[in-house]
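[1] Here's my sequence, what's the structure:
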Amino acid sequence: MFYPLSAFIAYRYAKSNKASQTSFVSFINRFSVAGIALGLMALIIVVSVMNGLEGQLKQRILGIVPHIEITKTPIISESPSRTSSENEVTETPTQTAEKTQTVTLKEISETPIEGVVATMAYREAEAVVQSRSDLRGVQVHGVQPEVMIEHTLVANHMEQGRFSDLTEGSFAAIIGRSLAIKLEARVGDRLRVMVAGASVYTPFGRMPSQRLVTVVGVFDMGSQMDDKVMYMNLKDVNRLMRDPKGSEQSLRLFLNDAFNYQAVVSALTDRVGVSVNNMKTWRERQGPLFDAVKMEKNMMTLMLLLIIAVAAFNIVSALVMVVTEKQGDIAVLQTQGMLPSSVMWIFVLNGLFNGIKGAGIGLVLGVVITLQLNNILDLIGSPLALAADGRGLPIEMDVVQIAGIALLSLLLCVLASVYPARKAMKIAPSQALQNE
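    Next comes the predicted model:
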């Protein structure tokens with residue numbers, strides 16, 4: 001049974017001053033508190049930076065790669081066979097097949113799906129871009145400029161030009177800053193784009209479809225995709241692919257959260273009838289990269305949690321010493337009527353109070369240092385420009401995550417206190433007083 005007296009005594013023991021404990025026990029107690037504080041502080045800093053890096057990666061990579069792409073392959077939605085109740089005639093397999101309907105991309109784009117913020121006719125082609133100085137392989141993305149301006153981050157990271165310059169028939173192109181550097185191309189320069197997928201046979205053999213395009217803009221997302229993507233107007237890409245009617249176009253879906261793609265895929269499969277084979281998600285291209293980042297984040301979190309666990313279990317040695325030192329006091333309390341369960345609560349709460357001190361100090365230091373981390377790096381002369389704006393480390397603090405880490409630290413402290421508390425509960429008053 002819990003009494004306020006147990007909490008009062010536990011608080012007196014947790015103060016760890018030389019008046020209530022020996023200097024060595026006080027040192028062990030403070031050492032365990034400092035270990036918890038340092039471990040929690042390091043974990044908050046590392047997790048916040050890893051969250052920021054993951055967010056930057058999500059912004060830079062998934063701002064270019066289509067979240068979901070639905071191909072032009074015929075999409076069949078089978079209607080269940082029905083039996084006529086009036087004539088009691090069952091439909092034959094031929095009649096059932098006739099009732100199947102083809103879902104067009106236009107119908108899919110007009111179907112409201114939770115998580116999808118916009119759709120766009122889209123086409124992608126592998127091509128080779130040639131400048132006066134170099135030759136590079138790229139992915140040509142045929143897009144609708146008005147949709148890109150409204151729903152993509154690329155439009156907000158334009159160094160030169162804008163997506164509205166991709167007018168139909170102009171054969172204009174927007175390239176990444178990294179690709180522009182490698183090709184030594186500037187706005188206004190002309191590049192030759194060659195697409196092998198739309199080649200034609202000539203007296204000189206098979207020749208790829210090619211066209212001179214004019215660079216009208218340069219974007220900079222700071223990602224590994226900057227030197228692999230070229231944007232053009234969708235109509236121009238269709239002409240380049242020798243498909244002016246756009247019969248092989250795809251449908252690109254923009255999601256409010258790219259990580260929630262699985263729910264959208266399920267909705268498209270169940271409600272619309274789109275086959276999984278007709279959909280491409282960003283996971284197929286960039287999934288391994290994000291899996292590697294997530295694994296690294298989890299391993300760093302686990303490593304620092306083990307550091308906190310080691311510091312928390314230092315409380316065991318401190319409390320065992322306190323129990324040994326306070327055997328006479330415990331025996332006196334028991335002879336005056338204190339229950340063994342109340343004695344156990346004294347040392348459990350003692351460990352909890354130490355955990356609260358360590359977690360409180362670590363929480364404050366962790367939050368303050370995380371918020372000022374870039375200033376601290378500048379102060380010591382080692383700034384890191386990893387954010388999209390180049391101003392320093394990207395930091396993203398998750399309140400729920402930090403609160404969960406702090407509560408887990410307190411739980412470890414309580415668990416570490418159980419063994420010394422049970423040992424104190426089993427002290428025999430007669431034997432303890434005999435040794436005094």
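[2] Alpha carbons only: can I get stretch 420-429 in PDB?
    Extracted C-alpha coordinates of stretch 420-429, given in PDB (Å, rounded to 0.1, in the frame of the first residue of the first chain):
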ATOM      1  CA  PRO A 420      17.100  -3.200  -4.400                       C
ATOM      2  CA  ALA A 421      13.500  -2.300  -3.300                       C
ATOM      3  CA  ARG A 422      12.600  -6.000  -2.800                       C
ATOM      4  CA  LYS A 423      15.800  -6.600  -1.000                       C
ATOM      5  CA  ALA A 424      15.000  -3.800   1.400                       C
ATOM      6  CA  MET A 425      11.500  -5.200   1.900                       C
ATOM      7  CA  LYS A 426      13.000  -8.600   3.100                       C
ATOM      8  CA  ILE A 427      15.200  -7.100   5.800                       C
ATOM      9  CA  ALA A 428      14.500  -8.700   9.200                       C
ATOM     10  CA  PRO A 429      14.300  -6.000  11.900                       C
END
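[3] So which residues make contact with that stretch?
    Stretch 420-429 has contacts (C-beta atoms under 8 Å, 6 or more residues apart in numbering) with 316, 319-320, 322-323, 326-327, 330-332, 334-335, 340-341, 343-348, 351. Just so you know, the C-beta spots here come from the backbone N, C-alpha and C atoms, and that holds for glycine as well.
[4] next one: stretch 309-323
    So stretch 309-323 is contacted by 13, 21-22, 24-25, 28-29, 31-32, 34-36, 38-39, 330, 347, 350-351, 354-355, 358, 409, 412-413, 415-417, 419-421, 423-424, 427 (C-beta under 8 Å, 6+ apart).
[5] avg pLDDT for that stretch?
    Stretch 309-323 carries an average pLDDT of 78.
[6] Give the buried residues for that stretch.
    309, 311-323 (16 or more other C-beta atoms under 10 Å).
[7] ok, now stretch 58-71?
    Quick answer for stretch 58-71 (16+ other C-beta under 10 Å): 58-71.
[8] now, among those, which is nearest to E184?
    Nearest to E184 among these is I64, at 22.2 Å by C-beta to C-beta.
[9] Look up how far L339 lies from the closest one.
    Per C-beta to C-beta, to the nearest Å, I64 is found 67 Å from L339.
[10] Which ones among the buried residues of stretch 58-71 lie within helices?
    K58, Q59, R60, I61, L62 (DSSP state H).
[11] Which secondary structure state does the closest residue to the third one other than its chain neighbours sit in?
    In this case it means R60. Of all residues not flanking R60 in the chain, S223 sits nearest, at 3.5 Å (C-beta to C-beta, 6 or more residues apart in numbering). Secondary structure, DSSP: H, G, I helix; E, B strand; the rest coil: S223 is coil.
[12] which residues touch S223?
    S223 makes contacts with L57, R60, I61, G63, I64, as judged by C-beta under 8 Å, 6+ apart.
[13] Distance check, it against L57.
    8 Å.
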